[in-house]
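Asker: kindly return the folded structure for what I paste below:
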Amino acid sequence: MAKPWLPEYEAGIYASAVHQESAQIASMVFEKAIDVGDNVVYVAVGKSLPNLRELVSLLKELDYKVELHLVDADPEVCADRAVKRLHSEGRFVDPAYVLYEVGTRPRNNLEILLDENCCDEFEKHTN
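Answerer: Reported below is the predicted structural model:
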């Protein structure tokens, strides 16, 4: 969520180029929030099962109620939307990343987490 405030973002053209820096900023804000016990909403693509497990485990250890929400769409639809967003908003996310690196991993990973009974609530939203 910090990307638009980074000068290199260039109104979205270099969104992927500032991903790492944006992620570091988001991580610092998240850590401060849980240090003081704030309620948090953590937005993630969900393509990395180990990262999701680590996050859920940390929150459970800190006695947080963990609710997982999946906003689901087929990868082909997401890739098409990425191209349309480039034309309408100027924000570039490589459709190959959407199709081949993300794919159905978020859906699959959340199904695994549900099978592991690691969350308190779950909702799936089809988009």
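Asker: ranges for the strands of this protein?
Answerer: Taking DSSP state E to define them, one finds strands in the chain at 67-72, 121-126.
Asker: mind listing the helices for the protein?
Answerer: In the chain, the helices defined using DSSP state H lie at 19-35, 49-61, 75-89, 95-96, 105-115.
Asker: got the angle between the third one and strand 67-72?
Answerer: Meaning helix 75-89. Computed by axes from the mean of the first three to the mean of the last three Cα atoms, to 10 degrees, the angle separating helix 75-89 from strand 67-72 equals 80 degrees.
Asker: buried set for helix 75-89?
Answerer: For helix 75-89, burial by neighbour count (16 or more other Cβ atoms under 10 Å) applies to 75, 78-79, 81-82, 86. Placement of C-beta: from N, CA and C, glycine included.
Asker: the nearest residue to Gly46 once chain neighbours are set aside: neighbour count?
Answerer: Using Cβ to Cβ, 6 or more residues apart in numbering and skipping the chain neighbours, the partner closest in space to Gly46 is Pro106 (3.5 Å). For Pro106, the count of nearby residues is 22 (other Cβ atoms under 10 Å).
Asker: please shift the residue numbers so they start at 56 in all later answers.
Answerer: I'll keep to 56 as the first residue from here, and by that count the last item is Pro161.
Asker: can you tell me how far Pro161 sits from Lys102?
Answerer: Using Cβ to Cβ, to the nearest Å, Pro161 is found at 6 Å from Lys102.
Asker: the residue nearest the centre of the chain: what's it in contact with?
Answerer: The centre of the chain sits closest to Ala99, judged by Cα atoms, centre = their mean, with a distance of 1.4 Å. Taking Cβ atoms under 8 Å, 6 or more residues apart in numbering, we find Ala99 in contact with 106-107, 110.
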